[in-house]
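Student: predicted model and sequence follow; I will ask about them next.
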Amino acid sequence: MRRKKASSAAEAHPAGLAAAQHLQTLVRIPTVAPPGDAPLPPEVAEIFARHRAAMEECYPRVFAAASVETVGRAGLLLRLPGTVADRPVMLMAHQDVVPVPQDWEAEGWEFPPFDGTIADGHVHGRGTLDDKGALVVLLDALESLLEGGWSPARDVYLLFGADEEQHGPSAVAAVAALEERGIEPWLVLDEGGAVALEAFPGLKGPAAVIGASEKGIVTVELVVESLGGHASTPPRESAPGILGGALVAVEGSPFPSSLHDLSVEMFEGIAPHLRGPLKPLLRRARSLRGPLASVLPRLGPELAAMVRTTAAITMLEGSPAQNVLATRAKATLNCRVAVGSSVEDTVTHLVAVIGDERVSVEVIEASEPSPVSPTEGDERWDALVDAVAASYPDAVAVPYVMMAASDARHVARIAPAVYRFSPLLMDKKQREAIHGPNEKVSIDSLGRGVEFYRALLTGPALGPAA
Ligand SMILES: [Zn+2]
């Protein structure tokens, strides 16, 4: 990587400054949605209405050219009509952000989280990376294209969810509306991967990691019931004790690991750019599948999560008082299901390793891993890779399996090719700041993000039919 990192706005990509100002405007509107499906309380609805008004003000051409409808609680579905009806495209970003503690200074924020301060070549604040940064670069790209007289060859749908962070209903409602109309987006792009620095040990330059699938989720409750009684005469085995044994068993017997085709493709793509001991191994990822699947989990939790289903113990419940025996002990497991596995496999594994009928295993919420979208050799994948090359010429673009859950998982039902990628540069610290303190995006990267969407929207794949 020869390019100098932008340290001031003056060096940044020319499109970055306008995007930075738009981003600042939107960050100042604290769009935190409550969980659940219930209508937004008036004070929250008012905040989302302000956010929509600010978007309309920043992007008058987009909102004038598009038909706009509200989906779910405050989600927005826009349609920019193309000249031909086939191959519609859907580009997504969410308007809502995760909350910030009242005492944000104590959490270590350098700048007020809802100020959108522009300093040191960056825009600072909640949502700058997740996901208002992506929303802004997408809309800036469209606005500038429309300003230059461009019009889309294909229908372009824009879906701006309003409760992604709460797993809320706006994306679900949008997908249902499209399904009812018989619309099958040919290409969908939502948040997920990024142009990541320090993405792999031994990789110096940035990697544009594009999610081509995402893991599933199973939330499981383990419950043990017992007779309870007085703490002065405890039974030999208590409900919490039995539950504890089950939890130790779950942690002691990890899910089987295997290297999915997508991970093989990712490693093969990265390998030529690597330095160090992993290079010769990853170059031969296809033939070394088995050994890699067993070695990678030992190199840290991220690599472990890449090759298998994981189970995280989250909530624990037992007795309500210090001198009362628990009649019921409960633990929650948050499991992420590997692509290639299933919800059923996950539950079967848990029941088997626990091996104790006194522990009931109950599924609270489940969604299967997403289908795998086409990669190398597919026109849509190539269009994304070309747009990365136009905006981040020194980044190597590779597919990966996304480990978090996004709105995109709802869309897979109606769309054959769903990708998860924000064209924003993120180093390790920035990735850690998502949902934490000091979230920030560089102005240069905002400019490149605009470039990415301009290249994607005007490239041959989305152009007029041949
Ligand atoms: Zn997000």
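Tutor: Nice, I can see it.

Student: enumerate every residue touching the spatially most central residue of the chain.
Tutor: For the chain, the residue lying nearest the average C-alpha position, counting by CA atoms, centre = their mean, turns out to be Gly192 (3.6 Å). The contact partners of Gly192, by CB atoms under 8 Å, 6 or more residues apart in numbering, come to 210-211, 214, 402, 404, 406, 408, 419-422. C-beta here means a position set from N, CA and C on the backbone, and glycine is covered the same way.

Student: swap the cut-off to 7 Å and go again
Tutor: Contact criterion CB atoms under 7 Å, 6 or more residues apart in numbering gives 211, 402, 406, 408, 420-421 as the residues in contact with Gly192.

Student: in helices, which of these fall?
Tutor: Judged by DSSP state H, the contacts of Gly192 include Ala408 as members of helices.

Student: for the helix or strand harbouring the residue nearest to the centre of the chain, list every residue counted as buried.
Tutor: Using DSSP states H and E, the secondary-structure element containing Gly192 is strand 187-196. Neighbour counts using 16 or more other CB atoms under 10 Å place 187-196 of strand 187-196 among the buried residues.

Student: quick check, nearest of these to the ion?
Tutor: Glu191 (4.9 Å; CB to the ion).

Student: just put the buried residues of strand 187-196 in CSV and tack on pLDDT.
Tutor: Below are those laid out as CSV (pLDDT from 0 to 100):
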residue, pLDDT
Leu187, 97
Val188, 97
Leu189, 97
Asp190, 96
Glu191, 94
Gly192, 93
Gly193, 94
Ala194, 97
Val195, 98
Ala196, 96
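
Student: and which of those residues is nearest Gly202?
Tutor: Among these, Ala196 lies closest to Gly202 (CB to CB), at 13.9 Å.

Student: quick check: beta-bridge partners of that closest one?
Tutor: Ala196 has the following beta-bridge partners by DSSP bridges: Ala207, Met426.

Student: of the contacts of Gly192, the lowest pLDDT goes to which?
Tutor: The lowest pLDDT within the contacts of Gly192 belongs to Ser406, with 81.

Student: contacting residues for that residue?
Tutor: When the contact criterion is CB under 7 Å, 6+ apart, the partners of Ser406 are 164, 190-192, 214, 420.

Student: and the ion, which of those contact it?
Tutor: Filtering those for proximity to the ion (criterion: CB under 5 Å from the ion) leaves Glu191.

Student: now render the contacts of Ser406 as a markdown table, adding distance to Ala312.
Tutor: As requested, the contacts of Ser406 are exported to a markdown table (distance: CB to CB, whole Å):
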| residue | distance to Ala312 |
| --- | --- |
| Glu164 | 21 |
| Asp190 | 24 |
| Glu191 | 22 |
| Gly192 | 20 |
| Glu214 | 17 |
| Arg420 | 21 |
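
Student: what residues does the stretch 1-150 of the chain have near the ion?
Tutor: Within the stretch 1-150 of the chain, the positions near the ion by CB under 5 Å from the ion are 130-131.

Student: now the helices: where do they sit in the stretch 1-150 of the chain?
Tutor: Assigned helices in the stretch 1-150 of the chain, in chain order: 16-27, 42-58, 60-65, 132-147 (criterion: DSSP state H, counting those that start in this stretch).

Student: okay, those, which one's buried deepest?
Tutor: Neighbour counts (mean count of other CB atoms under 10 Å) averaged over each of the helices of the stretch 1-150 of the chain peak at helix 132-147, with a mean of 25.

Student: between helix 16-27 and it, find me the angle.
Tutor: Between helix 132-147 and helix 16-27, the angle comes out at 120 degrees (axes from the mean of the first three to the mean of the last three CA atoms, to 10 degrees).

Student: buried set for whichever strand or helix holds Thr219?
Tutor: Secondary structure assignment for Thr219, by DSSP H and E: strand 216-225. Within strand 216-225, the residues that count as buried by 16+ other CB under 10 Å are 216-220, 222-224.

Student: adjacent strands (with direction) for that strand?
Tutor: Strand pairing for strand 216-225, determined by DSSP bridges: strand 328-337 (antiparallel), strand 360-367 (antiparallel).

Student: just the buried positions in the host helix or strand of Asp444, please.
Tutor: Under the criterion DSSP H and E, the helix or strand holding Asp444 is helix 443-458. Within helix 443-458, the residues that qualify as buried by neighbour count (16+ other CB under 10 Å) are 443-458.

Student: what confidence value was assigned to Asp103?
Tutor: Note for Asp103: predicted pLDDT of 93.

Student: residues in contact with it?
Tutor: If you count contacts by CB under 7 Å, 6+ apart, then Asp103 has nothing around it.

Student: for it, phi and psi?
Tutor: Here is the backbone geometry of Asp103 (degrees, to the nearest 10): phi -90, psi 70.

Student: what's the spacing between it and Tyr59?
Tutor: With the distance defined as CB to CB, to the nearest Å, Asp103 ends up 35 Å from Tyr59.

Student: do the same with Leu197
Tutor: Taking CB to CB as the criterion, Leu197 is separated from Tyr59 by 30 Å.

Student: quick one: Asp394 is in a helix?
Tutor: No: Asp394: not assigned to a helix; according to DSSP: H, G, I helix; E, B strand; the rest coil it is coil.
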